[in-house]
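Trainee: Attaching a predicted model along with its sequence, questions to come.
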Amino acid sequence: MQKTKNIRGIIFALLSGISWGFSGACAQYLFGTYGVDPLWVSSVRMLSAGVILSAFALIGFRIPFVSLWKNPRVLAKMVLFAICGLAFCQITYLLAIQYSNAGTATIIQYVGPVLTVFFLCFLAHRLPTKRELLALACVIVGVFLLATHGNPTVMVLSPEALFWGLVSAFAYMIYSLLPRRLMFHYGSVPVVASALLIGGIVFSILLQSWAHIPPMEPSGFIVLFVGLVFFGTVVGFSLFFQSINDIGAAKAGLMASIETVSATAFAVLWLGTSFVWIDIVGFVFIVATVFVLAKHPGDPDMVKNSSLS
């Protein structure tokens, strides 16, 4: 029984990472083919996925989901997380894709766990461990190779791509830290579902998304709602939440880091994005931080718990 549960957890975690990587490629397709605004995509993605996941939470996690919405103080914290955490992470990640590609944006966002660890070191008033310093060194080398291909006098990535990629990593750090107490008390599903719904409602109203529907062919809307919303968000999160229950957050996060490979593979095989060998070396250095931090003793959840990518 336990063996079956472990196998299911590993498979679901891998599938969730593949789903998130696919969502990044879907976003790249929409930007490249139709010139869709990343802010509009973010609002539609959050609102649509928020409605579906909230319905799921209402059925499967009714008590914590309802109690979360009934508490004004908790709801205020949820709004903060939805806007400054989840939405900020979503929007900056999509902007990074717009200025680069799904693979590069996903890889650079994986700088986020390292930033999170060093921020926690600061809060704990302690020096980084050797393992944490190694992770930082890997990140610096990886980003340097991606941005310059090893030549500091040349910028291969556009300044906008590098900027939004690093901002998305910073946003990931905020996204990881803000909801911890909320998730401890109410669970991951009610919190993420509520945050998606709140973020989607807020940004849809601010952007008046209904008035700015881009002129896309039916295939574009299929990619948006089936690829980005359903598989990339609803299915990805649902599988990941179940994998956490089966094998734990740290192991599930480690398995889900296949997202980096998935996003790159979809970008190459589907969209024809090209990478040179030094890009791959940079990818390896950054992804290596996931494994370096996987056994981080002070914080078992440092491995990516969503990307919400």
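Mentor: Good, I have the coordinates. Numbers count the residues shown, from 1 in each chain.
Trainee: from the chain's centre, how far out does the least confident helix or strand in the chain by mean pLDDT sit?
Mentor: In the chain, the helix or strand scored least confidently by mean pLDDT, DSSP states H and E is helix 249-256, which has a mean of 80. A distance of 13 Å separates the centroid of the chain from that of helix 249-256, by Cα atoms, centre = their mean, to the nearest Å.
Trainee: following that helix, which helix or strand shows up next?
Mentor: Proceeding N to C from helix 249-256, the next assigned helix or strand is helix 259-269, under DSSP states H and E.
Trainee: Give me the helices and strands touching the least confident helix or strand of the chain, please.
Mentor: On a contact count with 3 or more Cβ pairs under 8 Å, 6 or more residues apart in numbering; DSSP states H and E, helix 249-256 meets helix 2-34, helix 236-247, helix 277-293. C-beta here means a position set from N, CA and C on the backbone, and glycine is covered the same way.
Trainee: can I get the ones you listed in TSV with mean neighbour count?
Mentor: Output for the helices and strands packed on helix 249-256, formatted as TSV (neighbours: other Cβ atoms under 10 Å):
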stretch	mean neighbour count
helix 2-34	21
helix 236-247	22
helix 277-293	19
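Trainee: for those helices, which one sits closest to residue 57?
Mentor: Ranking the helices and strands packed on helix 249-256 by their distance to residue 57 (criterion: Cβ to Cβ) puts helix 236-247 first, at 10.2 Å.
Trainee: What's the mean pLDDT across that closest one?
Mentor: Taken as a whole, helix 236-247 has a mean pLDDT of 87.
Trainee: What lies in contact with it?
Mentor: 5-6, 8-10, 12-13, 15-17, 19-20, 23, 49, 53, 56, 188-189, 192, 252, 255-256, 305-306 (Cβ atoms under 8 Å, 6 or more residues apart in numbering).
Trainee: follow-up on the earlier one: what are the buried residues along the least confident helix or strand of the chain?
Mentor: 249, 250, 251, 252, 253, 254, 255, 256 (16 or more other Cβ atoms under 10 Å).
Trainee: Now do that helix against helix 2-34, angle only.
Mentor: With axes from the mean of the first three to the mean of the last three Cα atoms, to 10 degrees applied, the angle from helix 249-256 to helix 2-34 works out at 50 degrees.
Trainee: Now distance to residue 159 too, for the helices and strands packed on helix 249-256, in a markdown table please.
Mentor: A markdown table is the format used below for the helices and strands packed on helix 249-256 (distance: least, Cβ to Cβ, whole Å):
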| stretch | distance to residue 159 |
| --- | --- |
| helix 2-34 | 18 |
| helix 236-247 | 30 |
| helix 277-293 | 17 |
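Trainee: Quick one: closest of those to residue 171.
Mentor: helix 2-34 (15.0 Å).
Trainee: Against which helices or strands is that closest one packed?
Mentor: Checking 3+ Cβ pairs under 8 Å, 6+ apart, helix 2-34 ends up next to helix 38-60, helix 88-99, helix 102-109, helix 218-222, helix 236-247, helix 249-256, helix 259-269.
Trainee: Could you list every helix and strand in contact with the fourth one?
Mentor: It stands for helix 218-222. Using 3+ Cβ pairs under 8 Å, 6+ apart: helix 218-222 touches helix 2-34.
Trainee: any idea of the angle the helix it packs on forms with helix 88-99?
Mentor: Using the same axes, to 10 degrees: helix 2-34 against helix 88-99 is 50 degrees.
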